[in-house]
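**Student:** Starting from these lines, generate the structure:
(one chain, ligands or ions: 1)
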Amino acid sequence: MNNNLWYKNAVFYEISVRAFKDSNGDGHGDLRGLTEKLDYLQTLGVDCVWIMPIYPSPLRDDGYDIADYYSVDKTYGSLDDLKVLIEAAHQRNIRIVMDLVLNHTSDQHPWFQSSRMDKNSPYRDYYVWSDDNTRYKDTRIIFVDTEPSNWTWDEQAGQYFWHRFYATQPDLNFDNPKVQAEMLNVARFWLDLGIDGFRADAVPYLIEREGTNCENLPETHVYLKQLRAFMDEHYPGRILLCEANQWPEDVRPYFGDGDEFHMGFHFPIMPRIYMALKKGRFEDMEAIMNRTPAIPENCQWCTFLRNHDELTLEMVTEEERQWMWKEYAPEPRMKLNLGIRRRLAPLLDNDRRKIELANSLLFTLPGTPIIYYGDEIGMGDNLDLFDRNGVRTPMQWDDSPHGGFTSGTPFTEMVKGEYGFAHINVADQMKSDYSLLRTIQRMIALRKKHAAFGGSDMQWIKTGNPAVAVYVRQHAGETMLILNSLSDALQQVALPAEYHQNGLELFSGKTLSLQAPISLQPYAYLWIKLS
Ligand code: GLC
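**Tutor:** Take a look at the predicted model:
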């Protein structure tokens, strides 16, 4: 585990600990449950697990509202359970990163309680207070479905406080050096425990300045660089993954000169994968990749199809958003904020061909792919559940009661109907070589075996066929030619003369002659190694 660039050609996996596996029958997933399932993750081929927040929390935002940065919520277990998990994961060459929520706390955090109670409290200045709720008026609201303003009046404090998310999540004041130092302590605490890094939540919003949109400000980068320098000095090899839901050119500064974040999510490519699948054309994907700036050699994008939030449509135009809603959120309750609260399989009509193709794109585009738990078996969602809870239902392990998730009563209603555990579960799919799970497992293995995928190079190949995304990935002396058909009809692709050679198709293990036009079945994909 001593390669400091390990994250560049790794496969990540995101987990809601509460929903993954319950070890003690209380109906809530926990750290011991996750530890029990490490063999599964190893078999799948995962290199790094990102666990969603496990801090004590009143759960007004599923743990992203933290009431204590220095312990684990009892529901999930103890700090010792976390140590055991990390150790057991490391034995399997799996790393564990966790959420670091810098921007805000819960309103139940003792700092906020003290801050609101007393103007002279040493914690007053930990938050952003104002007599005037018209400040920073150029700042957008993120949770548009629930929050009318970024300011909320606090009776006890006699002032308004600033919050970019729910009103139960007051923003910390990063202009206060004490806050800055405190959050370094938080990072130190978990790194000392052995955690391999952080998915840093909502980082664009740390600092507010009048006359700006209060996002991506220079002072924010100054602080994040300090955090990175601190980690490099004391914890080399541990990583920072940036959650900045922004355009590629605005995410670029978060990599700095290779001295800020190691990784950053590529938000805008994600909805364009869905656009491409529905339109049967790849042009939107090509445009956003061409708009994506180069990043330093020691940095990496992180690509995803779905995560624990709504499928965000912040990084598309208004027209595209309306179109995406029309195509992918036919029922009003599928919409949430500026997005769609559905899982991968239902979004793609449970069509195995489309689900595989979307994954083929995920695994062959530049960047480290991250799988959202359950998507590898094609889990569904439960739209009856509030907000984003519908995509955070218990993992479906087998067809025993509650899908093998718990011996007690699950903390939430599970997925019902055609996507329920009777039809979709890990045990069944493990048994068949042709299941989605087995296919994803093969994709992961091939992706990791071939260094070409870990680089940042990508060349689009012009074939004149707008329905087939053809590109070359080249790195470390290896060249991979990728064909992804977005069409529901048979397609022909004639490659430019320079590719008229033989290539080894990785899934079939067959040598293909690339001189003649290639025929592709609907939604077919080919990963071809060129010599
Ligand atoms: C991030 C998380 C989201 C959370 C928000 C506030 O966007 O992904 O789940 O609600 O930050 O912490």
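**Student:** quick one: pLDDT of the spatially most central residue of the chain?
**Tutor:** Centrality entry for the chain: nearest residue to the mean C-alpha point is N307, 5.0 Å, by C-alpha atoms, centre = their mean. Note for N307: predicted pLDDT of 98.
**Student:** what's the closest non-adjacent residue to it?
**Tutor:** Using C-beta to C-beta, 6 or more residues apart in numbering and skipping the chain neighbours, the partner closest in space to N307 is Y372 (5.3 Å). Using the backbone N, CA and C atoms, a C-beta is placed for each residue, glycine as well.
**Student:** Now do the contacts for the residue nearest to the centre of the chain.
**Tutor:** Listed by C-beta atoms under 8 Å, 6 or more residues apart in numbering, the contact partners of N307 are 14, 370, 372.
**Student:** quick one on the thing from earlier: check the spacing between the residue nearest to N307 and I340 real quick.
**Tutor:** Between Y372 and I340 the computed distance is 14 Å (C-beta to C-beta, to the nearest Å).
**Student:** Please apply the same query to D99.
**Tutor:** From D99 across to I340, the span is 22 Å (C-beta to C-beta).
**Student:** and the residue of the stretch 351-500 of the chain found nearest the ligand, what is it in contact with?
**Tutor:** Going by C-beta to the nearest ligand atom, the ligand is nearest to R388 of the stretch 351-500 of the chain, at 6.8 Å. By C-beta under 8 Å, 6+ apart, the contact list for R388 reads 62, 308-310, 336, 341.
**Student:** For the residue in the chain that the ligand sits nearest to, what is the enclosing helix or strand?
**Tutor:** Residue of the chain nearest the ligand, by C-beta to the nearest ligand atom: Y64 (3.3 Å). For Y64, there is no host helix or strand (DSSP states H and E).
**Student:** okay, it: pLDDT?
**Tutor:** pLDDT recorded at Y64 is 98.
**Student:** got it, and the one 4 residues further on?
**Tutor:** We note a pLDDT of 98 for D68 in this prediction.
**Student:** Show me which residues of the stretch 1-150 of the chain are close to the ligand?
**Tutor:** Neighbours of the ligand within the stretch 1-150 of the chain, by C-beta under 6 Å from any ligand atom: 61, 64, 101.
**Student:** Can you add neighbour count and give the residues you listed back as TSV?
**Tutor:** Listed next are these as TSV, based on neighbours: other C-beta atoms under 10 Å:
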residue	neighbour count
D61	20
Y64	23
V101	28
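**Student:** Helix, strand, or coil at the closest residue to I269 other than its chain neighbours?
**Tutor:** Nearest residue to I269, sequence neighbours excluded (C-beta to C-beta, 6+ apart): I288, at 5.5 Å. Three-state call for I288 (DSSP: H, G, I helix; E, B strand; the rest coil): helix.
**Student:** returning to what we had before: so the residue nearest to the centre of the chain sits in a strand?
**Tutor:** No: counting by three-state DSSP, one finds N307 to be coil, located in no strand.
**Student:** can you tell me how far it sits from A489?
**Tutor:** Using C-beta to C-beta, we find N307 at a distance of 31 Å from A489.
**Student:** average model confidence for stretch 189-209?
**Tutor:** Mean predicted lDDT for stretch 189-209 stands at 98.
**Student:** Do me a favour and get the end-to-end distance for it?
**Tutor:** Distance between the two ends of stretch 189-209: 30 Å, counting by C-alpha to C-alpha, to the nearest Å.
**Student:** Just the buried positions in that stretch, please.
**Tutor:** Using 16 or more other C-beta atoms under 10 Å as the test for burial, stretch 189-209 gives 190-191, 194-208.
**Student:** which SS class is the nearest residue to E249 once chain neighbours are set aside?
**Tutor:** Distances taken as C-beta to C-beta, 6+ apart place P293 nearest to E249, at 6.0 Å, with adjacent residues excluded. Under three-state DSSP, P293 falls in the coil class.
**Student:** Report the contact partners of P293.
**Tutor:** Counting by C-beta under 8 Å, 6+ apart, P293 touches 248-249, 252.
**Student:** Show the buried residues in those residues.
**Tutor:** Buried members of those, scored by 16+ other C-beta under 10 Å, are 248, 252.
**Student:** check the contacts of P293 against the ligand, which are close?
**Tutor:** Filtering the contacts of P293 for neighbours of the ligand using C-beta under 6 Å from any ligand atom leaves an empty set.
**Student:** Narrow the contacts of P293 to those in helices?
**Tutor:** Among the contacts of P293, the members falling in helices are 248-249 (criterion: DSSP state H).
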